[in-house]
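Asks: my questions concern the predicted model and sequence given below.
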Protein chains: 2
Amino acid sequence: MTTTSKPSAAQQFTEGMVHFFGDGGGHGSRALRDLLGGKGAGLAEMSSLGIPVPPGFTITTEVCNAFYALGRTFPAGLAEEVAANLKLVEDRVGTKFGDPSNPLLVSVRSGARVSMPGMMDTILNLGLNDATAEGLAARSGNARFAYDSYRRFVQMYGDVVLGVSKESETDHDPFEVLLSAKKRDRGVDVDTDLDAAALKELVAEFKALVLERTGQPFPNDPNEQLWGAIGAVFNSWETPRAVVYRAMHNYPDTWGTAVNVQAMVFGNLGDDCATGVLFTRDPSAGDRYIFGEFLVNAQGEDVVAGTRTPQPIAKAARRADGPLSLEEAMPEAYVELAKACATLERHFRDMQDIEFTIQQGRLWVLQTRNGQRGGLAMVKIAVDMVDEGLLTSDEAILRVAPEQLDELLHPVFDKKAPEYESRVVLTTGLGASPGAAVGKVVFTPGDAVQWAARGEDVILVRDETSPEDIEGMKDASAILTARGGMTSHAAVVARGMGKCCVTGCDALQIDYAHREFTVRVEGRGEVVVREGDILSIDGTTGEVIAGPLPLAEAVFPPEYDRLMAWVDQARTLRVRANADTPEDADRARSFGAEGIGLCRTEHMFFGADRILAVRQMILSQTETERRAALEKILPFQREDFHGILKSMAGFPVTIRLLDPPLHEFLPHTSQEITELAHHLGLRSADVERRVEGLREFNPMLGHRGVRLAITFPEIYEVQVRAIMEAACDLRTEGVDVEPEIMIPLVGMEAELEELRALTVQTASQVLTERGVTIPYTIGTMIELPRACVIADRIALHADFFSFGTNDLTQTTFGLSRDDAGRFLPSYIKRHVLERDPFVELDREGVGGLIRLAIEKGRATKPDLKLGICGEHGGNPPSVAFCHEAGLNYVSCSPYRVPIARLAAAQAALAQR
Amino acid sequence: MTTTSKPSAAQQFTEGMVHFFGDGGGHGSRALRDLLGGKGAGLAEMSSLGIPVPPGFTITTEVCNAFYALGRTFPAGLAEEVAANLKLVEDRVGTKFGDPSNPLLVSVRSGARVSMPGMMDTILNLGLNDATAEGLAARSGNARFAYDSYRRFVQMYGDVVLGVSKESETDHDPFEVLLSAKKRDRGVDVDTDLDAAALKELVAEFKALVLERTGQPFPNDPNEQLWGAIGAVFNSWETPRAVVYRAMHNYPDTWGTAVNVQAMVFGNLGDDCATGVLFTRDPSAGDRYIFGEFLVNAQGEDVVAGTRTPQPIAKAARRADGPLSLEEAMPEAYVELAKACATLERHFRDMQDIEFTIQQGRLWVLQTRNGQRGGLAMVKIAVDMVDEGLLTSDEAILRVAPEQLDELLHPVFDKKAPEYESRVVLTTGLGASPGAAVGKVVFTPGDAVQWAARGEDVILVRDETSPEDIEGMKDASAILTARGGMTSHAAVVARGMGKCCVTGCDALQIDYAHREFTVRVEGRGEVVVREGDILSIDGTTGEVIAGPLPLAEAVFPPEYDRLMAWVDQARTLRVRANADTPEDADRARSFGAEGIGLCRTEHMFFGADRILAVRQMILSQTETERRAALEKILPFQREDFHGILKSMAGFPVTIRLLDPPLHEFLPHTSQEITELAHHLGLRSADVERRVEGLREFNPMLGHRGVRLAITFPEIYEVQVRAIMEAACDLRTEGVDVEPEIMIPLVGMEAELEELRALTVQTASQVLTERGVTIPYTIGTMIELPRACVIADRIALHADFFSFGTNDLTQTTFGLSRDDAGRFLPSYIKRHVLERDPFVELDREGVGGLIRLAIEKGRATKPDLKLGICGEHGGNPPSVAFCHEAGLNYVSCSPYRVPIARLAAAQAALAQR
């Protein structure tokens, strides 16, 4: 027997395990991002740019991988490197780690290659114990600050490292319970009113809670605290929520996370202290001003957690009735901050997301990274930066994530509708992520998942959200929170998902136990909204509206049109739409489609005016009966094709002849069968027998596609006649038409050979009858592995191939899309598959067959036209594959046409 | 648009359109068989060997193809060539075509590349009309002969060329009705007692019948007759029965048929005349003597039609109470015939099938061809011919059709059973095709098809069979006829099909109308056997037995063992068996299997003693519950594997871990569900919900194979444990075991990687526990197109690949085997597919993927072991593919092991 070798645990470290940064120096740079993580690289780079950064050091991502390779233990030599760097920090700051008389406190944070907001755990004020806390109190002359820091540290460490946290979704945080009790006990409303003695008591109560819950005393040795925190950061890389986030964003596990240990600076030493987060531009609308929030006398997590309502940074962003801005409250610090923002944005050539602290009037920048933004902002910022000379137009194209264009394309509320005029606004919060959504209210992420799974649109309503809620947020149509600002967890995650979100609706009184919220509405008193009630949410204005509002098409900003003009210049891949109706075709044209790549004819068969004839056709016993029924269908089909060819005048329209198994058109309940039998003058039992006789074990692999036409050629014959007659009518009206007739599910050469002959014969007959010339072509869908293998033979009879990647994925994997839901999620979760092959084209397997088919097809016919239809045509990585593989076009749903255009341009630029 | 070009109608003729033969001369040779057809080439060759052949000419197969290419019209120039050759024949024979005073009569016969007995139509005595008949009467001095020939000609021409025949299966031939009426009218019993006047009246009545049925007078012009007959031969190439026969034997349509026009010689000029057919050896047993039959004063079709009971040719073959042999009746002619037989057999180095006529004591050989024979004869003749120095042992191997070995392998009646001792023999006919069959009586081919379709074994009972009956004969288990000899249609066709057949049971009185037959049985009076009654038929002894008899394994003749020894010497491909039980494994070994290529474990799950535990396992909600149920299954599985590994001691045994979707193991009726719920202490509704929840849209593409183990790894873990524990037990007992653990349905690298790790871990644990070393390997079934495409990656984790070509065919074609029955027959019929890809491996598509997988797999691991399991492994052309593609072994059902061994040897010899 042979066995596979495990990855070697002993791995090389590129440049040591630990990198120092801070105070103008620093060995890191942006080029080391993979090694230091985004946060560590940013700190090192900021330091070298002269930005005021507290000193510290970064443990590299390679150490994280080694940690896992060694069964979650630290590699040899790490302890020594950490100690040496800690010494450097002590020297710069002039304090000493664990020294009761002058203690150094540090923060410990994770930092992966790209920002994963809220996903990784952070420890602040590490190094405190009873002795150092007392020392800190003495040094700072502020015992309240010292014990506030201490209780925060114990709370955070207890939660993140020692796992003491709430035990169910509706439970409360046990530390917060003690904190609230203490406030009640002392008769105060806000944390800052608790005095040092109360906080000291709290520390003891927190430690007792830790001992009770874990059976172990809280660690007092700062070194033990430090290594516990480092381990917790590494361990958090594999928590379920981190894994889900990576799966959602297709980030590989092998990236690992770095650990940043940094000297603490304090925003909570008094009223000349503050802490805040900002974006250098508005991450929703894209406008250029400092968009952010701060809190006086607070630590950073207070801003993100949304427990206090923060103040804006720029004066321009201050609400009329809102608190003072930083620009007004601390003008010197604001000027310094604005300078740092400008330096960093120019340096990184991108909008920055910055965390800062002001300690006794002095600004410290704690972190910078490229800021996440909504689709609208993404487009506007990219185009603005071209105008500002920061980017070329090609770079601007590469800056826009194709998936996020989706946000621009989706509907908004129809402001002209009378319902909009008379809407009842329950309250107005912060428009944290733009878009419009209508859905039923749910109060837990679990309910959001369940309701969505049964097809409901839901709005998830929470006091605030936290990383555990991600699954529920993913499935909700919109998110509404009572607390938190524009940079709260809910806001950041929702923007990342392109999902409508309103935060900071202080007016909402949420009662989780009764699954309802109460809101006082001007002139209506208290309104109660219960689980299942319908709301409309406007993520731009922040309005929360009772009941459903009608939606309207989105309007694009001028920057969108400029961007897309560059996009169309850059790309070589054509983009068509899948459309079955003139309405869809019109929408597709408005989105820039250059033809129709897939017009399915079966949907037309279901029309109320023709389904009876279709059923009569299916139930026919002889070709004569079948032809009689088809004669009734012909004029309807002709009309269908007339409409769609006219809508796409001047562009090619690929029409797929009938594809689904016939039983899909027949009724299945006995009452419907009886009715049908009555209509057609047949016996119910006969109809039932026929319905039963058409049932299949594996309909996906059954009697469908071209197989229908091999047994009943007259079906395709009539469809071809309808297409050609419609085309002739339009030609006579002076309309340019380019029908491409597509035979589905071909797997054998003779299938296409026969049907091509029938098509040519029928088409020629119509053209002769009408005395018209039409440039039509005949091709096939390549959607079976066998078709790929014998593509050279199939190409003999095809003018074009259109890859039907939905079915090709099913047959290549031997995986029914309808059934895969039962096990595919566990495949993704366990990384057997990195991503769902029905969403993103499987390059290796399905892509391998497509490349084979292209090679063989073009060997036979060098000018063979090649395209892809099916949902992969609108998926950006799949579009990139299509470009690389040398296809002529992709076809996707109308709403995804702009996304495909952008993805095609990016693929072309990437190839240069 | 582009169009495909039709095949050009104007084609080249290799060596003219017509070839002359006869009287020692002749331009043809065996090398021209493709052009002249088997019959034409044989005639030309015989002529050049000095065999007495009546002169004539052959219109080539190319003319047939041209005929179809030209829309069923004759190519230009053919008329002139035919006329010139007809003149040559006239010159040799000394008569003139259409000359009333001295008319030349000719036969017109078809002749394709290989013999297709009974499938093509023949016209005799062509050239007769009122004038030439009178002239023939005068010339021969035998008016009765002339008018008998004339009425035969009109009858045959009317039937075959003009289409006047019986109008339904149970109808009687309309000419025969008139003939019978005439005999009744004249008070005679046999045709030969009708005098010239009566026959002359019959000719007029026949012609009137033709006029009435066709609306056209019977053609009197011999030339019109000739061209009608030539056209009829060509047209018969595309009759449904010919098409069915070719489909059955995989003969391409493009072969076409030749037409042989030959001077008539007469076996019906008096009692010194005779006609007969023979095989140079016994086509059932293979013994070396002239095996055949003749009739005095008759034409050839009388022998085949079985309307008179014929006489044997060799004295040795004469039955005690039977008529005289030719050897006795016409000793000089017999000697000459025996000489011709010896010459021909030596020349062709094969057993010959010869038609001859004796006209006034002079022998004419009308036709020779390689004789069809049963499997037993095929083996014996091939081996005998090696002993006779006619063939080498390699040639002998190539002479045996692998499929026909099947006949030797199938059961015979168990002669030691008490039921055999006490059997009731209804009658004894001719053992026309060996084997034993038990089945229900049906009386029409249509019923045979229908009954067989619903799974019944049927015995088709007919007075005699004709080519229209082929479909029914194919589906019957055996054929029993009241009339006809050893060379009758039924006998020849049944031997070709390797199907048990008894002919010439004169005692049977068949009443089609009442669907019964009556037979007088010694001591029991008249016994009536009705449709649906069970008979046992012995195709060797000719016995027809009432009721079912038990069957026993066949015993092989010594020639079989000698042949198979040569076979095993010649082949390089190993042959294993698919077997799930020790009994199957034992049988497989006895047939020469060199291991088990596929041992399915799911059948074991259905055992009555364990199905409850299996169901409990499936219905488990947690891994703990599932493990508890699996613990109950473990000892049963261990026992299963113990048995099968022991049976195959010394050979490798590939065990496939659980493959089918779990719902296959659950009950589906509500009563069974209630019972199961009761047994397991569950609520019926919960069980029902689980059963419902496991239902799949496309189970073929669903949650099965390795996918089960990705979600429930403990299932495979327990199976691996059972295998290894059984192997250890056997090892301890001193038995050599070689388990090969096979993971099914792998399509992704990580699937196999994970399961290999689990398997190694489990196996190592068992080996450590037992302190034993076992040479086991781990591999996968390659049965998905994706697995072929990424075979290089899969090979990293596999010691062997076993191609599961059943599923690979389904996924490559996108064709469900369970559903394809609805349209695949029409695909085959219309030649969209040349053959059923589930029977014979599709070389182009599926084979292309297999070759890709082999190339990629061996690139990663040059010593990767490669095999095929699934039914193609026993199909000779598929075995040839496997040899060519470089597989190490094939695996097939035990009964097909010898067939696969032979096919493998032939493939190896073909490659040399």
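Replies: It's in. Fair warning: this is a prediction, and the values are worked out from it, not measured in the lab.
Asks: so for the helix or strand harbouring A:Ile644, mean pLDDT?
Replies: Following DSSP states H and E, one finds A:Ile644 within helix A:623-647. For helix A:623-647, the mean pLDDT works out to 93.
Asks: where does pLDDT dip in chain A?
Replies: For chain A, residues meeting the criterion pLDDT under 70 lie at A:1-12, A:23-31, A:117-121, A:169, A:301, A:304-307, A:410, A:487, A:496, A:498.
Asks: what comes up buried for the helix holding A:Ile644?
Replies: Of the residues in helix A:623-647, A:626-627, A:629-630, A:633, A:636-647 count as buried by neighbour count, 16 or more other CB atoms under 10 Å in any protein chain shown. Quick note: C-beta positions are derived from backbone N, CA and C, even for glycine.
Asks: quick one, helices of the stretch 651-800 of chain A?
Replies: A:670-680, A:684-694, A:706-711, A:713-732, A:749-770, A:785-789, A:791-794 (DSSP state H, counting those that start in this stretch).
Asks: where does the stretch 801-912 of chain A come near chain B, residue by residue?
Replies: A:807, A:810-816, A:818-820, A:822-823, A:826-827, A:830-833, A:842, A:844-846, A:848-849 (CB under 8 Å from any CB of the partner chain).
Asks: and these, which of them are in helices?
Replies: A:807, A:810-813, A:826-827, A:846, A:848-849 (DSSP state H).
Asks: may I see those residues organised as JSON lines, with neighbour count and distance to A:Tyr560 added?
Replies: Formatted as JSON lines, these follow (neighbours: other CB atoms under 10 Å in any protein chain shown; distance: CB to CB, whole Å):
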{"residue": "A:Asp807", "neighbour count": "23", "distance to A:Tyr560": "34"}
{"residue": "A:Gln810", "neighbour count": "27", "distance to A:Tyr560": "36"}
{"residue": "A:Thr811", "neighbour count": "31", "distance to A:Tyr560": "39"}
{"residue": "A:Thr812", "neighbour count": "31", "distance to A:Tyr560": "37"}
{"residue": "A:Phe813", "neighbour count": "26", "distance to A:Tyr560": "37"}
{"residue": "A:Ser826", "neighbour count": "14", "distance to A:Tyr560": "40"}
{"residue": "A:Tyr827", "neighbour count": "22", "distance to A:Tyr560": "37"}
{"residue": "A:Val846", "neighbour count": "27", "distance to A:Tyr560": "33"}
{"residue": "A:Gly848", "neighbour count": "20", "distance to A:Tyr560": "37"}
{"residue": "A:Leu849", "neighbour count": "30", "distance to A:Tyr560": "37"}
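Asks: and the helix or strand that A:Val567 is a member of, what does it pack onto?
Replies: According to DSSP H and E, A:Val567 maps onto helix A:558-570. Using 3 or more CB pairs under 8 Å, 6 or more residues apart in numbering or on different chains; DSSP states H and E, the elements in contact with helix A:558-570 are helix A:375-387, helix A:393-399, helix A:897-911.
Asks: contacts for the second one, please.
Replies: Residues from elsewhere that reach helix A:393-399 (CB atoms under 8 Å, 6 or more residues apart in numbering or on different chains): A:350, A:378, A:381-383, A:385-386, A:391, A:563, A:566-567, A:570, A:902, A:905-906, A:909-910.
Asks: next: the longest one.
Replies: The contact list for helix A:897-911, computed with CB under 8 Å, 6+ apart, reads A:394, A:397-398, A:400, A:402-403, A:405-406, A:408-409, A:563-564, A:566-573, A:575, A:577, A:588, A:591-593, A:873-874, A:876-877, A:879-880, A:882-884, A:890, A:892.
Asks: ok but A:Glu293 is inside a strand, no?
Replies: Yes: counting by DSSP: H, G, I helix; E, B strand; the rest coil, A:Glu293 is located in a strand.
Asks: what about it, distance to A:Thr275?
Replies: Taking CB to CB, to the nearest Å as the measure, A:Glu293 and A:Thr275 are separated by 10 Å.
Asks: where exactly do the strands run in the stretch 451-600 of chain A?
Replies: Ranges of strands in the stretch 451-600 of chain A, per DSSP state E, counting those that start in this stretch, are A:458-462, A:478-481, A:500-503, A:509-511, A:516-521, A:525-530, A:534-538, A:543-546, A:551-552, A:574-578, A:596-600.
Asks: for the first one, what is the distance to the chain centroid?
Replies: What it means is strand A:458-462. 18 Å (CA atoms, centre = their mean, to the nearest Å).
Asks: what's the answer for the shortest one, then?
Replies: When distances are taken as CA atoms, centre = their mean, strand A:551-552 is centred 22 Å away from the chain's centroid.
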